[in-house]
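In: Model the structure of this input:
(chains A and B, ligands or ions: 2)
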Amino acid sequence: MLNPDMRQIAIYGKGGIGKSTIAANLSVALAQGSKEIMQVGCDPKRDSTRNLTGGRLIPTVLDTLRDCLRRGRDQHSIELEQIVFPGSAGVHCVEAGGPEPGIGCAGRGVLTAIQILRDLDAYRTYELDLVIYDVLGDVVCGGFAQPIREGFAREIFLVCSGEFMSLYAANNIARAIERLSRRGQARLSGLICNSRGHPTLEKLVLEAVAKRMGTQLVGFIPRSQSIGRCEVEGITVMEGAPESEAAGAFRTLSERVLATEGGVIPAPLELEELEHIYRHCAREEGS
Amino acid sequence: MNDLSQPMSSEYSEGAPSACHDPYLRCAFFGAAQTVTGIRRACVLSHSPQGCDQLVNTAFGWQQTDYLATKSLCSKLCEDEIVHGGEATLAKVIEDARAFSVSAVFVLTACGPEMVGDDIVAVCQEMAADVPFQLVPIECAGFRGTQYDGIDIALHGLLNQLVENPGEPMDKIPDSVILIAPHASANPSWPGDLSWVEDILERFGLTVLASLTHGTGLEQLRDIGRAQYSLMLTHDCGYRTETLLADRWDIRPLLPTSALNRSQRLPLPVGFSNTGRWLQRLGQVLDKEDLAQKMVVQGEQFAVEQLRRQGLPYEFFNGAQVAILADATLAVPLLGMLAEDLECEPVAVGIRSRAPELHALVRDECDRVAISPRIETGVGVYETAQILSAAKPDVIIGSNIERHLAEDLGIPYVLRVVNPVARFRLTNREYFGYHGFLNLMEIMQNDWWDTFRSKKRHNRAHWLDGRGEGVEP
Ligand SMILES: Nc1ncnc2c1ncn2[C@@H]1O[C@H](COP(=O)(O)OP(=O)(O)OP(=O)(O)O)[C@@H](O)[C@H]1O
Ligand SMILES: [Mg+2]
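Out: Ligands and ions are numbered 1, 2, ... in the order given. This is a model prediction of the structure:
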């Protein structure tokens, strides 16, 4: 049965900011709270679910589709088991996949992959409560916005650190959300801070920026060595270091995510304003 | 029996470019254009580089649209719009449409703008209140599939955006019918077929409320929910439309094509026996069996007398091995017509489209007339060549394309009844019904004669042993 309350969440943010790390730990935290979760990696790198599958890279939807097409078949001949893999804590793992770097259109690929999941009725089959889309890097072209545009991802969380350029990237994505909200139901649900180790400044800046955009800071993940250590083993800190501070932060984040409702059409900032807020907070922290 | 659920053998599909089978079928954009050019007093705006607009022109021709009544515009996208997005350009061109007095503007997207993420739906929604016409966005980028997929996409767009849907049962207009996708037929006969069907329905006391689509008015479209019945005029697409009409507005299919009940599926009325069966079934459904019987008797008498008087030497068909290469709309009924009416043996069938519903229909037809041809769906020209060289038929029923293939393969007779036929026509002549049966026979007879119209071909045909193998004199 399709859960009428099924939620679809997308995690966006600057490249390398920690989206996949947050997505995977959030998935496990939610699944441990006995929710049916699916994590869809929307990135040709296909590393989103790596920490959910013991470090193994699972076959991608688009590779499987290609294989079918080459044999004269279409997406309807794909079995769900070929593209959905069980991961830690029972999270259902999917990697969209995509073209090799420098060729093709990865954005369009992401949409094709998600449409296949829908066509094959994956959401109903696994009776999901929540789907997390881990979308790569910045919204560099119209293609990457497709998961939002086509009405798949409704609630968007932006990951940033306190670093200025990560805010700049998040602000650009907010601009895309504002643009796309004209048509779809996509809304900004909040910012998540993935700390680079300056918690006071980071909290000050992100809270100010969130407020100005019309949203709130929903989570703060500390910089943690356990994350790197677990990554080598291909596991999440939720499993590899459940007692760590980071794991605690992910649990809190998962509760906040479950509690957030709706979201806003964000009001993106001008560059000068962003700089101004940043300088102001830096001064405040210093004093 | 052929297992249609199996993919084509790897020998044929190795390296085949996914679902695109060139050049029989055009793309989804074309199918959508074919569909919306069937709406009167509207404007078709192709949000595309200007090359795609040529497809809209071709669609105008196919729909026999009046250029004065239906307008066309193109946003003529260039590099700048592909790099920065073309929404602003689209908005400007929509403004241009104010110059026409039209009630609706259909905005169709081609591949480029859909790849780069132009949101035509949002642009249309934003401008809707300010323009004196209804804006109907249809996302039909060519890469979404074949022209048949495009027809399905556009029909859904029309039904979702233009038809009244109060969410509760509407007052029905008794004995009214919606015709589904008459224009999907790949045969030059389709406007004639449509008139024939309209005429027959009228004789059964039914009124055609609207065709989806051909010369359809917007007011007719709005009222579609009040229809009592639907009727499919193609086997290639439209199945989803039939279901949608039934589910949303309780419009019952007169002759359900996607019916699970085997005895209910019926090929379109092409050929002597098929026409009889089709009319009789209609009679049963409408409880007018006597009238149907009268039509059948009269029609059969007319056809038989005509054939007798004109002395048609069609016995060359008798026992001949035939390959059918056509759209499903013609190929499915041809199975029965060839086997029953002309007593020849269909040995291979290549169908251009690949609707899943097709499979059961084809299988049932083959079982019914006890033939077991090789059957392939979704074929392109390459697959056709493979089918023909394996089957080596005496006769091909197909299009001008197969004529060229046949020359290489030494198959003597190619009867061209499917688009493209390379024959100029000024009048609409149908394939449906008894008259249509004679039209088909006439074309086939002429093409058969043509085979002998050159000394070289005459000699070739003369010395072939019927299996395509040359025999030395
Ligand atoms: N809170 C943290 N503490 C320590 N290391 C972290 C933390 N968050 C992420 N990392 C590390 O940063 C690196 C990048 O993280 P991740 O792959 O999750 O980023 P991403 O945003 O998904 O990147 P991409 O944009 O390339 O997909 C990883 O090696 C990860 O272990
Ligand atoms: Mg990542």
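
In: Give me the residues contacting stretch A:109-121.
Out: Stretch A:109-121 has contacts (Cβ atoms under 8 Å, 6 or more residues apart in numbering or on different chains) with A:40, A:42, A:44, A:60-62, A:65, A:75-76, A:78, A:80, A:83, A:94, A:96-99, A:123, A:133, A:135, A:143-144, A:146-147, A:150, A:152. Where you see a C-beta, it was placed from the backbone N, CA and C, and this is true even at glycine.

In: Residue B:52: what's it in contact with?
Out: Residues in contact with residue B:52 (Cβ under 8 Å, 6+ apart) are B:29, B:46, B:74, B:110-111, B:142.

In: and if we set it to 10 Å?
Out: The neighbours of residue B:52, taking Cβ atoms under 10 Å, 6 or more residues apart in numbering or on different chains as the test, are B:27, B:29-30, B:33, B:46, B:74, B:76-77, B:108-112, B:141-142.

In: Quick one: mean pLDDT for stretch A:279-287?
Out: Confidence over stretch A:279-287, taken as the mean pLDDT, stands at 86.

In: same check, this time on stretch B:316-335
Out: Averaging pLDDT along stretch B:316-335 gives 93.

In: Mark which of the contacts of stretch A:109-121 are buried, thanks.
Out: Burial by neighbour count, judged by 16 or more other Cβ atoms under 10 Å in any protein chain shown, picks out A:40, A:42, A:44, A:60-62, A:65, A:75, A:78, A:83, A:94, A:96-98, A:123, A:133, A:135, A:143-144, A:146-147, A:150, A:152 from the contacts of stretch A:109-121.

In: How many residues are close by residue 232?
Out: Picking chain A for this. Neighbourhood size, residue A:232 [other Cβ atoms under 10 Å in any protein chain shown]: 9.

In: Oops, wrong one, chain B.
Out: Residues near residue B:232, counting by other Cβ under 10 Å, number 27.

In: these two touch, right, it and residue B:185?
Out: No: using Cβ atoms under 10 Å, residue B:232 makes no contact with residue B:185, being 11.1 Å away.

In: Before we move on, what's the pLDDT of residue B:456?
Out: 65.

In: which other helices and strands contact the helix or strand bottoming out on mean pLDDT in chain A?
Out: Lowest on mean pLDDT, DSSP states H and E among the helices and strands of chain A sits helix A:146-149, with a mean of 74. Here helix A:146-149 touches strand A:7-13, strand A:37-42, helix A:106-119, strand A:130-135, helix A:164-180, going by 3 or more Cβ pairs under 10 Å, 6 or more residues apart in numbering or on different chains; DSSP states H and E.

In: can you give me phi and psi for residue 35?
Out: Picked chain A for this. When read as degrees, to the nearest 10, the backbone of residue A:35 gives phi -110, psi 150.

In: nope, chain B please
Out: According to degrees, to the nearest 10, residue B:35 has phi -80, psi -50.

In: wait, doesn't residue B:394 sit right on residue B:415?
Out: No: Residue B:394 is beyond contact range of residue B:415, at 11.1 Å (criterion: Cβ under 10 Å).

In: Any regions of chain B where pLDDT drops low?
Out: Applying pLDDT under 70 to chain B picks out residues B:1-22, B:258-263, B:313-314, B:454-473.

In: Now tell me what touches stretch B:401-408 from outside.
Out: Counting by Cβ under 10 Å, 6+ apart, B:23-24, B:323, B:325-326, B:350, B:381, B:384-385, B:387-389, B:393, B:395-396, B:398, B:409, B:411-416, B:418-422, B:447, B:450-451, B:457, B:460, B:468 sit against stretch B:401-408.

In: Work out the gap between it and the centre of the chain.
Out: Centroid separation for stretch B:401-408 versus its chain: 23 Å, with Cα atoms, centre = their mean, to the nearest Å.

In: In chain A, what residue lies closest to ligand 2?
Out: residue A:20 (3.2 Å; Cβ to the ion).

In: So residue 210, which state does it fall into?
Out: Reading this off chain A. Classification of residue A:210 using DSSP: H, G, I helix; E, B strand; the rest coil returns helix.

In: Can you look at chain B instead?
Out: strand.

In: Surely it is in contact with residue B:198?
Out: No: Residue B:210 is beyond contact range of residue B:198, at 11.3 Å (criterion: Cβ under 10 Å).

In: quick one on the thing from earlier: give me the spatial nearest neighbour of the residue of chain A closest to ligand 2, chain neighbours excluded.
Out: Among residues not flanking residue A:20 along the chain, residue A:48 sits closest, at 4.6 Å (Cβ to Cβ, 6 or more residues apart in numbering or on different chains).

In: neighbours around that neighbour, how many?
Out: By other Cβ under 10 Å, neighbour count at residue A:48 equals 29.

In: now it: how far from chain B?
Out: Remark: distance between residue A:48 and chain B (Cβ to the nearest Cβ, to the nearest Å) = 22 Å.

In: before we move on, what about residue A:54?
Out: Residue A:54 sits 33 Å away from chain B, going by Cβ to the nearest Cβ.

In: would you say that residue is within a helix?
Out: No: using three-state DSSP, the assignment for residue A:54 is coil, not a helix.

In: Overlap of the contact sets of residue B:394 and residue B:415?
Out: Counting by Cβ under 10 Å, 6+ apart, the common neighbours of residue B:394 and residue B:415 are B:317, B:322.

In: Next, count neighbours for the residue of chain A closest to ligand 2.
Out: Neighbour number of residue A:20 under other Cβ under 10 Å is 24.

In: That one: what's it in contact with?
Out: Contacts for residue A:20 were tallied using Cβ under 10 Å, 6+ apart; they are A:11, A:39, A:41, A:43, A:45, A:47-52, A:134, A:136, A:159, A:231.

In: do the same with residue A:154
Out: Neighbouring residues of residue A:154 by Cβ under 10 Å, 6+ apart: A:7-10, A:131, A:148, A:184-187, A:189, A:262-263.

In: Drop anything exposed from these.
Out: A:7-10, A:131, A:148, A:184, A:186-187, A:189, A:263.

In: Checking my notes, residue B:200 in a helix, right?
Out: Yes: counting by three-state DSSP, residue B:200 is part of a helix.

In: Quick one: low-confidence residue ranges for chain A.
Out: A:1-2, A:137-144.

In: what does it have sitting close to ligand 1?
Out: Residues of chain A found near ligand 1 (Cβ under 6 Å from any ligand atom) are A:13, A:15-21, A:43, A:136-137, A:194, A:221, A:223-224, A:227-228, A:231.

In: one step back: keep the contacts of residue A:154, but drop any that are not near ligand 2.
Out: Among the contacts of residue A:154, no residue sits close to ligand 2 (Cβ under 5 Å from the ion).

In: Go ahead and confirm residue A:206 touches residue A:221.
Out: No: using Cβ under 10 Å, residue A:206 is not in contact with residue A:221, being 11.7 Å away.

In: what residues do these two have in common as contacts?
Out: Both residue A:206 and residue A:221 are contacted by A:161, A:192-193, A:195, under the criterion Cβ under 10 Å, 6+ apart.

In: Please give me every residue in contact with the closest residue to residue A:219 other than its chain neighbours.
Out: Closest residue to residue A:219 apart from its sequence neighbours, by Cβ to Cβ, 6+ apart: residue A:253 at 3.7 Å. Applying Cβ under 10 Å, 6+ apart, we find residue A:253 in contact with A:22, A:25-26, A:29-30, A:157, A:192, A:218-221.
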